[in-house]
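> Need a 3D model of the following:
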Amino acid sequence: MVLRVKDDGKGMDDRTLKHIFDPFYTTKRHQGGTGLGLSIAYGIIKEHQGRIDVESKVGAGTTFCIYLPRKFEES
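Residues are numbered from 1 along each chain as shown. As a prediction, the model looks like this:
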């Protein structure tokens, strides 16, 4: 099963992309971000033997593809 989430926001540069799943990494320090959202999502997906891929381009948005095993669908 694949879940694809896409936006047309600002996108992310390569430096940001390298760290988005790191706990407590945030680009929103002054806006109250904790940096836990994507690291928690990553952990949940990995625990279910899935994977998450990210494509992003500055000025063109971001796409997250979440792949979950077929056995997850049958649960």
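
> What are the contacting residues of stretch 51-63?
Applying Cβ atoms under 8 Å, 6 or more residues apart in numbering, the set of residues contacting stretch 51-63 from outside is 4-13, 17, 20-21, 41-42, 45, 64-67. The C-beta positions use only the backbone N, C-alpha and C, and glycine is treated the same way.

> from those, which would you call buried?
Among these, those buried by neighbour count (16 or more other Cβ atoms under 10 Å) are 11-12, 20-21, 42, 45, 64, 66.

> who does the top helix by length along the chain touch, helix- and strand-wise?
Taking DSSP state H as the criterion, the chain has its longest helix at helix 37-47. Where contact means 3 or more Cβ pairs under 8 Å, 6 or more residues apart in numbering; DSSP states H and E, helix 37-47 is packed against strand 51-57.

> List the neighbouring strands of the strand it packs on plus their orientation.
Sheet pairing here is set by DSSP bridges, and for strand 51-57 it gives strand 61-67 (antiparallel).

> do you know how far residue 64 is from residue 30?
Noted for residue 64: a distance of 24 Å to residue 30, by Cβ to Cβ, to the nearest Å.

> Equivalent analysis for residue 57, please.
Residue 57 is 25 Å from residue 30, by Cβ to Cβ.

> of the two, who's got more company?
Shown here are residue 57 and residue 30; by other Cβ atoms under 10 Å, residue 57 has more neighbours (13 against 7).

> So in terms of bridging, what pairs with the more buried one?
Going by DSSP bridges, residue 57 forms beta bridges with residue 61.

> And the pLDDT for it?
pLDDT, residue 57: 96.

> what do you get for residue 74?
Residue 74 is given a pLDDT of 58.

> Quick one: low-confidence residue ranges for the chain.
By pLDDT under 70, the weakly predicted segments of the chain are 72-75.

> contacting residues for the one residue sitting closest to the centre of it?
The chain has residue 38 as the residue nearest its centroid, 5.2 Å off, counting by Cα atoms, centre = their mean. Taking Cβ under 8 Å, 6+ apart, we find residue 38 in contact with 20-21.

> what does residue 41 give?
By Cβ under 8 Å, 6+ apart, the residues touching residue 41 are residue 52.

> begin at 58 from here
With 58 as the first residue, the last one maps to residue 98.
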